[in-house]
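S.K.: Need coordinates for the following:
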Amino acid sequence: MTKQSENIRPIVLLVDDAPSSLGPLFQTLEAAGYSVVVALDGESALERLDMVLVDAILLDAIMPGLSGFETCRRIKDNPTLAHLPVIFMTGLADTEHIVSAFDSGGVDYVVKPVRSEEVLARLQTHIRNAKVARLAREAVDVAGFGVVLIDTQGRIAWQSPRARQWLQGDNSRLDLTMMLSESATQLRMPGHPELSVRNLGQVGLGETMLLLAQDDHRSNDAARLQQAALTPREGEVLSWLAKGKTNRDIADILGMSPRTVNKHLEHIFDKLGVETRSAAAAIGVRFQ
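M.R.: Predicted coordinates:
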């Protein structure tokens, strides 16, 4: 059984209307290093997703009220949730329900009674794939910037094409210890005076995202911020986002609920014309 990092525990939403089915699977996931949030029906699942940032969803296909298929469709219709991998759990292995699972947006399915090792293997694969896909989109969204991921050993785990171009494979110039220091949130790139580096914090599974920027983007970002006309509260939220804080951190700092923070971020994204946290943070970091 593969165990996740003790420090970074991926969060799984487990949705099943039969409590007797939840206990063993809950214990298996917790023992494997996941944090588990439970919902007993589709509506409750959507409410949980409004308050908790999860990494994957294990979803019962057939439930009273809102079915698993319809729940998945609503999740995929929400731009802030669409990236989440949904794995269906069903006792129905016929073609019709398998097709319905994939048509509604699911990435995989397991047949009940579920086998723990199979669930864990599929979860690990789909969480990692979703993360890579999300980071690829964010790297594109952060137009004109470079993105570098650093693993728990201080090694470069992934680079966007622009970052690779700027660094030209010369990773020896990166003082990773200094870059990952909490007190060093924005630095000049040694050997690359035209580049600055911003620590955007952890993005999951212990990896840290660094944002590389060239100085000639500052004037464009200033114009975009001025035209956005953010409210003072939205400005505060953007400022803390640019410092690498999570929704929960921002909520605690500003004395509001995570749900309110999420609403502010939706307005900020709309006003700035971006679609992701990294894209908004990339603009905000220039003016810290």
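
S.K.: which residues of the stretch 1-150 of the chain fall in helices?
M.R.: Counting by DSSP state H, counting those that start in this stretch, the stretch 1-150 of the chain has helices at residues 19-31, 42-51, 68-77, 95-103, 116-141.

S.K.: which of these is buried the deepest?
M.R.: Each of the helices of the stretch 1-150 of the chain was assessed for mean neighbour count using mean count of other Cβ atoms under 10 Å. The highest is helix 68-77, with a mean of 20. Quick note: C-beta positions are derived from backbone N, CA and C, even for glycine.

S.K.: what does that one contact?
M.R.: Around helix 68-77, the neighbours that count as contacts under Cβ atoms under 8 Å, 6 or more residues apart in numbering are 15, 42, 45-46, 49, 57, 59-63, 66, 81-82, 84, 86, 88, 90, 100-101, 103-106.

S.K.: Try it again at 7 Å.
M.R.: Identification of contacts with helix 68-77 by Cβ atoms under 7 Å, 6 or more residues apart in numbering yields 42, 45-46, 49, 59-62, 81-82, 84, 86, 88, 100-101, 104-106.

S.K.: what ranges of this structure fall below the confidence cut-off?
M.R.: Under the criterion of pLDDT under 70, the regions of the chain flagged as low confidence span 1-7, 93-94, 136-143, 151-153, 157, 169-194, 203-207, 215-226, 285-288.

S.K.: just the strands in it please.
M.R.: Applying DSSP state E to the chain gives strands spanning 11-15, 35-39, 56-60, 86-90, 108-111, 146-150, 156-159, 186-189, 192-204, 207-214.

S.K.: Could you dump the helices of the stretch 1-150 of the chain into JSON lines and include distance to Leu149?
M.R.: JSON lines is the format used below for these (distance: least, Cβ to Cβ, whole Å):
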{"stretch": "helix 19-31", "distance to Leu149": "25"}
{"stretch": "helix 42-51", "distance to Leu149": "25"}
{"stretch": "helix 68-77", "distance to Leu149": "26"}
{"stretch": "helix 95-103", "distance to Leu149": "30"}
{"stretch": "helix 116-141", "distance to Leu149": "7"}
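
S.K.: out of those helices, nearest to Arg259?
M.R.: Nearest to Arg259 among those is helix 42-51 (5.7 Å), distances taken as Cβ to Cβ.

S.K.: Now for Asp249, how many residues are close by?
M.R.: Burial measure for Asp249: 16 neighbouring residues, criterion other Cβ atoms under 10 Å.

S.K.: go on, Gly91?
M.R.: Taking other Cβ under 10 Å as the criterion, the count of residues near Gly91 is 13.
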